[in-house]
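Student: Predicted model follows, preceded by the sequence.
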Amino acid sequence: MRKPFVAGNWKMNTDSHGAVKLAEGVVSGCGETAGHKVDVAVCPPFVYLQQVGKALHSSHIALGAQDVYFEQKGAFTGEISAAMLKDTGCAYVICGHSERRHVIGETDELINKKVKAALAGGLLPILCVGELLEQREADETADVVSRQLRGGLAGFSEEKVAAITIAYEPVWAIGTGRTATPEQAQEVHAMIRGLLTEMYGKKLSQEIRIQYGGSVKPDNAAELMGKEDVDGVLVGGASLKADDFVAIVKAAV
Ligand code: 13P
């Protein structure tokens, strides 16, 4: 059985006071649920990682970052290394989020280097994949997701892949209020697990967690996570309200 994994991606939101308040609200709301029955992580902006890490201290809620650079150190102005994230208390890091792919212009090749660097630095990557609306309408979802998955995981041994979480986030569902139906999510998740079976064998593909992301809210989370291959959710907007995020965490149990 795969343990559900719920993560909050705060994106470029909050301020120092609000970030700490939000983290405290999540800690007190989740209580004993987090860590025991469901893995929970929050991913604040880089600049609030330390403060949020302190607020999470003594809880079972993990800290995650929203991005990482693949080089270890040196003249890369503005970038943050895996070692820095680890040093700051991060357990997880999101790689290849659709906003980084489509707004910032990250490629599968770059994302692959980031996932590699994250693993080498002792972090657990959450590799995001997902199609644009026009790609879904042109029936290209399987091709796009497969290319992103194979590209992001290129060169990984079975041993390494076991530490990775995949997040399926259809771009048309992100921040739009238009969630994929549980059936649409399950269809792509099953396809992803099928690809993982082809690439790494059945045993490993059954262990890897696949989160769904895109307009997840307290009222649709349970139904989405009720699907066989939906092992948790990656939450944007609703992770900015402690009560909503806690309700989603509880829906995972
Ligand atoms: P929303 O939940 O706001 O749609 O964002 C999803 C997301 O991008 C999480 O990484």
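Tutor: Nice, thanks for sending it over. Numbering: from 1, shown residues only.
Student: mind checking the SS state of residue 211?
Tutor: strand (DSSP: H, G, I helix; E, B strand; the rest coil).
Student: What backbone torsions are found at the residue of the stretch 101-250 of the chain found nearest the ligand?
Tutor: Going by CB to the nearest ligand atom, the ligand is nearest to residue 236 of the stretch 101-250 of the chain, at 2.1 Å. From N, CA and C alone the C-beta is placed, and that goes for glycine too. Main-chain dihedrals, residue 236, degrees, to the nearest 10: phi -100, psi -100.
Student: Does the top helix by length along the chain reach the ligand?
Tutor: Longest helix of the chain, by residue count under DSSP state H: helix 182-200. No. Against the ligand, helix 182-200 shows no contacts by CB under 6 Å from any ligand atom, the least distance being 12.8 Å.
Student: Which is the succeeding secondary structure element to that helix?
Tutor: Remark: after helix 182-200, the chain's next helix or strand is helix 202-207, criterion DSSP states H and E.
Student: Centre of the chain to that next one, how far?
Tutor: Centroid separation for helix 202-207 versus its chain: 19 Å, with CA atoms, centre = their mean, to the nearest Å.
Student: how close does residue 97 get to residue 209?
Tutor: Separation of residue 97 from residue 209 (CB to CB, to the nearest Å) stands at 17 Å.
Student: quick one: which of those two has more around it?
Tutor: Set residue 97 next to residue 209 and count neighbours by other CB atoms under 10 Å: residue 97 wins out with 27 against 18.
Student: can you give me the helices for this structure?
Tutor: Using DSSP H, the helices of the chain run over 16-30, 33-36, 49-56, 82-87, 98-99, 108-120, 133-137, 141-152, 158-161, 182-200, 202-207, 218-225, 242-251.
Student: Columns mean neighbour count and distance to residue 174 on top of those, output as CSV?
Tutor: Shown next, in CSV, are the helices of the chain (neighbours: other CB atoms under 10 Å; distance: least, CB to CB, whole Å):
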stretch, mean neighbour count, distance to residue 174
helix 16-30, 18, 20
helix 33-36, 17, 24
helix 49-56, 19, 22
helix 82-87, 19, 23
helix 98-99, 22, 6
helix 108-120, 21, 17
helix 133-137, 14, 11
helix 141-152, 18, 15
helix 158-161, 14, 25
helix 182-200, 18, 13
helix 202-207, 13, 25
helix 218-225, 19, 14
helix 242-251, 22, 16
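Student: So for residue 65, which of those sits nearest?
Tutor: Nearest to residue 65 among the helices of the chain is helix 82-87 (4.8 Å), distances taken as CB to CB.
Student: I'd say residue 167 and residue 211 touch.
Tutor: Yes. Using CB atoms under 8 Å, residue 167 makes contact with residue 211 at a distance of 4.4 Å.
Student: any common contacting residues for those two?
Tutor: Common neighbours of residue 167 and residue 211 (criterion: CB atoms under 8 Å, 6 or more residues apart in numbering): 126, 234.
Student: Where does the prediction get shaky in the stretch 101-250 of the chain?
Tutor: For the stretch 101-250 of the chain, applying pLDDT under 70 flags no range at all.
Student: what about 90?
Tutor: For the stretch 101-250 of the chain, the stretches with pLDDT under 90 are 157-160.
Student: Residues of it that sit close to the ligand?
Tutor: 169, 174-175, 213-216, 234-238.
Student: what's the closest of those residues to residue 124?
Tutor: If you rank those by distance to residue 124 using CB to CB, residue 234 comes first, at 13.2 Å.
Student: gap between the residue nearest to residue 227 when sequence neighbours are not counted and residue 204?
Tutor: Excluding the flanking residues, the one nearest residue 227 by CB to CB, 6 or more residues apart in numbering is residue 186, at 4.0 Å. As judged by CB to CB, residue 186 and residue 204 stand 20 Å apart.
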